[in-house]
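Asks: Fold the following for me, if possible:
(one chain, ligands or ions: 1)
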Amino acid sequence: MKEKLNEILMAAKEAIEKAKSRQDAEDLRVRFLGKKGELTAILKSMGSLSAEERPLFGQKANEVRAAIEKALAEKAEMLKKAEQQLRFQAEAVDVTMPAEKQKIGSLHPLNIVLNDMLEIFQSMGFDVVDGPEVETDHYCFEQLNVPADHPARDMQDTFYLTDTLLLRTQTSAAQARTMEVTKPPIRMVCPGRVFRADEVDATHSPVFHQLEGLVVDKGVTMCDLKGVLEQFAHEIYGPETKVKFRPSFFPFTEPSVEVDVTCSECGGKGCRVCKGSGWIEILGAGMVHPNVLRNCGIDPKVYSGFAFGIGLDRLTTTRYKISDIRLLFENDKRFLDEF
Ligand code: DAH
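Replies: Next up, the predicted model:
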């Protein structure tokens, strides 16, 4: 019986030695010390011993139990430390590693370009005004020297809401509104969305963006117009950019011009973006027509002015080499994340 106890002790010690987890240790405790365990089983057979043998055997059995408990406790402590060690290693933070970058939002490319434009014009003393997208025929056309039967109405395919209400086809409507309520000197720009019944393709959209500009004062000349627009083009495209003024026609300006800049893609050599011409048209402009001044209550004999309308979408697509204007309106976050 004593040998049997020693065998149990040896077996227990060996098994405890090999235990790899706290669960293993718990299983061993059940196996050796539990109600149905090996030590318990042998204690149950004590009844067959003589009265002298029994206390000795009992004492030995208690020693074995104590030894197994001690070995288990030590093992449990060791395993706990080892597990902790592993966890520390896994959770270790290397404070010398660069921190993970927080992703921050970005501006829509149209807004980046618009902010640049506003900064340029504000630094030249222009105020920024706003105008309604649902506009009246009166401000969008009549006041701008485009009466109802005028052939120039066909230049723009208008979305009419009623006989007199429409979605503005041009931010020029803001000129008339401004001149009606502001006495010269006037220096303002008005950015915003405009609408035309155009087919959608890679370069056309029924919704697009313009920035209108207007200067009215005594003695304003074409030279002022050239100076302001050249300065603007150089700030947006760089000082080496050439600027070309071409004669054109708009009902609200006389004389009228269209302004081209050297293509930013090819530097003027001719490429796909500028359709081989080396130039990109960025705006229409001119000296405010006397009829427009008069319509808005400003005496054209005393005052003169110039105006311009810049297309934002083309500026944006050429600056960022965006091949399809539709990308500006689709709100595909993967596209927007690039800016
Ligand atoms: N409103 C014109 C357009 O949409 C652009 C324009 C041309 C605006 C000449 C002007 C201007 O103010 O003077 O095509």
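Asks: Next up, the contacts around Thr136.
Replies: Thr136 is in contact with 164-166, counting by CB atoms under 8 Å, 6 or more residues apart in numbering. Every C-beta, even on glycine, is put in place using the N, C-alpha and C of the backbone.
Asks: 7 Å instead?
Replies: With contact set as CB atoms under 7 Å, 6 or more residues apart in numbering, Thr136 has these partners: 164-165.
Asks: Need the per-residue pLDDT for it.
Replies: The score at Thr136 is 96. That number is its pLDDT.
Asks: Bridge partners for it, pull those for me.
Replies: With DSSP bridges as the criterion, Thr136 is bridged to Leu165.
Asks: Distance check, it against Ile322.
Replies: According to CB to CB, to the nearest Å, Thr136 and Ile322 sit 34 Å apart.
Asks: so Lys75 is in which element?
Replies: Per DSSP states H and E, Lys75 falls inside helix 53-91.
Asks: distance between that helix and the chain's centre?
Replies: Put simply, helix 53-91 sits 60 Å off its chain's centre (CA atoms, centre = their mean, to the nearest Å).
Asks: need the contact list for the residue nearest to His209 when sequence neighbours are not counted.
Replies: Leaving aside its sequence neighbours, His209 sits nearest to Leu312 (CB to CB, 6 or more residues apart in numbering; 3.8 Å). Leu312 is in contact with 110, 113-114, 209-211, counting by CB under 7 Å, 6+ apart.
Asks: what's the answer for Asp137, then?
Replies: So Asp137 contacts 164, 166 (CB under 7 Å, 6+ apart).
Asks: let's go with 10 Å and repeat that
Replies: By CB atoms under 10 Å, 6 or more residues apart in numbering, the contact set of Asp137 is 143, 146, 148, 153, 158, 160, 162-166, 173.
Asks: Would you list the buried entries among those?
Replies: 143, 146, 153, 158, 166, 173 (16 or more other CB atoms under 10 Å).
Asks: Can you tell me which of the residues you listed is nearest the ligand?
Replies: Relative to the ligand, the closest of the buried ones among the contacts of Asp137 is Ala173; by CB to the nearest ligand atom it sits at 9.0 Å.
Asks: Verify the contact between the closest one and Leu144 for me.
Replies: Yes: contact status for Ala173 versus Leu144: in contact at 7.5 Å, counting by CB atoms under 10 Å.
Asks: Spit out the residues that contact those two alike.
Replies: By CB under 10 Å, 6+ apart, Ala173 and Leu144 have these common neighbours: His138.
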